[in-house]
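>>> Return a 3D structure for these sequence lines:
(one chain, ligands or ions: 1)
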Amino acid sequence: GPCEPLPPALLLPAPGALPAGPGGAGGAGGAGGAGGGSRRFPQAIIVGVKKGGTRALLEFLRAHPGVRAVGAEPHFFDRCYEKGLRWYRSLMPRTLEGQITMEKTPSYFVTKEAPRRIYNMSRDTKLIVVVRNPVTRAISDYTQTLSKNPSIPSFQALAFKNASTGLIDTSWSAVRIGIYAKHLDNWLQYFPLSKFLFVSGERLVSDPAGEMGRVQDFLGLQRVVTDKHFYFNETKGFPCLKKPEGSKPRCLGKSKGRPHPRIDPQVVQRLREFYRPFNMKFYQMTGQDFGWD
Ligand SMILES: Nc1ncnc2c1ncn2[C@@H]1O[C@H](COP(=O)(O)OS(=O)(=O)O)[C@@H](OP(=O)(O)O)[C@H]1O
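So this is what the prediction gives:
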């Protein structure tokens, strides 16, 4: 379940001072255990966005020997913050000197307290945001909800506050999450733009090696994950990782790349218009044109 208690071994007195003050790298967790290395706070976090392609990015990064990542989403900076930083660190895999610790929790991007909390852990944290056309993202988000509960209202019933005037319901999370400029504003109260990398969710599909090149550069990693690591799986309709000699290649699971229901083109058009000014603002803020309009 969420926010599991610490395993008994980690409830023993802390081995190092904790947490480090602003800017601190954080103490190395525990003496070396089996397998060596120590548990450290992540130096880089994939903070968003939900349905952007965050799982694909993390799995692609895990193909890099310089990266160790938590498999599950820790949800520390939104849901489990009361557990404390020691709990958070205990979730991290052990790393050797020079390796990067990472996690991904897409809801951080829309959590008001997350920037301050991450800043308090370390102001040097690198922040990665995978962004995707907010209209497609909203439909993807809705598709996920629908897959868990087939009796929910239609997409358009949820998207509009008033269908005849075309007034969009911005309190619906599937809509709200896509107002990237607004959420980014909140992060920029704590972190400068230089701490961010914005990954195009679209290019992560159409050119995974190219986008991974940018990500590795940002993380100060050698460009180890290249086009040789990917192949396009026609059945899946997505790029997948080739596996080392002999073992099977790895595509993401069935919950990634779900077919989307057909949405009335007029509804899609209205949503596109709704997002346009926010997208323009986001392009301006990031200095990147994601080509959604
Ligand atoms: N290589 C590869 N394989 C499969 N899927 C891929 C890949 N790259 C990006 N995507 C897109 O990732 C979308 C899911 O995004 P997330 O992993 O961020 O979703 S989640 O927020 O963690 O639930 C998922 O959205 P849907 O297509 O709507 O299911 C995919 O479009």
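>>> Residue numbers of the stretch 1-150 of the chain in contact with the ligand?
Within the stretch 1-150 of the chain, the positions near the ligand by Cβ under 6 Å from any ligand atom are 50-56, 106, 140, 143. (Glycine included, C-beta is placed from N, CA and C.)
>>> Which of those residues fall within strands?
Within those, no residue falls in strands by DSSP state E.
>>> mind giving me JSON lines with those residues and columns for neighbour count, pLDDT and distance to residue 274?
Shown next, in JSON lines, are these (neighbours: other Cβ atoms under 10 Å; pLDDT from 0 to 100; distance: Cβ to Cβ, whole Å):
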{"residue": "50", "neighbour count": "21", "pLDDT": "98", "distance to residue 274": "18"}
{"residue": "51", "neighbour count": "25", "pLDDT": "98", "distance to residue 274": "18"}
{"residue": "52", "neighbour count": "29", "pLDDT": "98", "distance to residue 274": "19"}
{"residue": "53", "neighbour count": "28", "pLDDT": "98", "distance to residue 274": "22"}
{"residue": "54", "neighbour count": "25", "pLDDT": "98", "distance to residue 274": "24"}
{"residue": "55", "neighbour count": "18", "pLDDT": "98", "distance to residue 274": "27"}
{"residue": "56", "neighbour count": "24", "pLDDT": "98", "distance to residue 274": "27"}
{"residue": "106", "neighbour count": "22", "pLDDT": "98", "distance to residue 274": "22"}
{"residue": "140", "neighbour count": "21", "pLDDT": "98", "distance to residue 274": "17"}
{"residue": "143", "neighbour count": "16", "pLDDT": "98", "distance to residue 274": "19"}
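>>> quick one: which of the residues you listed sit in helices?
Counting by DSSP state H, those place 54-56, 140, 143 in helices.
>>> Does stretch 175-190 reach the ligand?
No - counting by Cβ under 6 Å from any ligand atom, the ligand is not contacted by stretch 175-190; separation bottoms out at 9.5 Å.
>>> quick one on the thing from earlier: just name the closest of the ones in helices among the residues of the stretch 1-150 of the chain next to the ligand to residue 131, please.
Nearest to residue 131 among these: residue 54, at 10.3 Å, using Cβ to Cβ.
>>> which residues sit against the one helix or strand residue 137 maps to?
Using DSSP states H and E, residue 137 sits within helix 134-148. Helix 134-148 is contacted from outside by 49-52, 132, 152, 155, 158-159, 173-175, 177-180, 201, 255, 258-261, 263, 268, 271-272, 275, 278-279, 292, using Cβ atoms under 8 Å, 6 or more residues apart in numbering.
>>> And the longest helix seen in the chain, what's buried?
Ranked by residue count and defined by DSSP H, the top helix of the chain is helix 265-286. For helix 265-286, burial by neighbour count (16 or more other Cβ atoms under 10 Å) applies to 267-268, 270-271, 274-275, 279, 281-283, 285-286.
>>> Could you do stretch 60-80 as well?
Using 16+ other Cβ under 10 Å as the test for burial, stretch 60-80 gives 60-64, 66-70, 73-78, 80.
>>> From the ligand, how far out is the residue in the chain sticking out farthest from the centre?
For the chain, the residue at maximal distance from the C-alpha centroid (Cα atoms, centre = their mean) is residue 164, at 35.6 Å. From residue 164 across to the ligand, the span is 29 Å (Cβ to the nearest ligand atom, to the nearest Å).
>>> how would you label that residue: helix, strand or coil?
What DSSP: H, G, I helix; E, B strand; the rest coil gives for residue 164 is coil.
>>> 30 is where my numbering starts, stick with that
I'll keep to 30 as the first residue from here, and by that count the last item is residue 193.
>>> Which residues are in contact with it?
No contacts exist for residue 193 under Cβ under 8 Å, 6+ apart.
>>> and what of residue 65?
Neighbour list for residue 65: 123, 125 [criterion: Cβ under 8 Å, 6+ apart].
>>> In a strand, it, correct?
No - judged by three-state DSSP, residue 65 forms no part of a strand; its state is coil.
>>> What pLDDT is listed against it?
Looking at residue 65, its pLDDT is 87.
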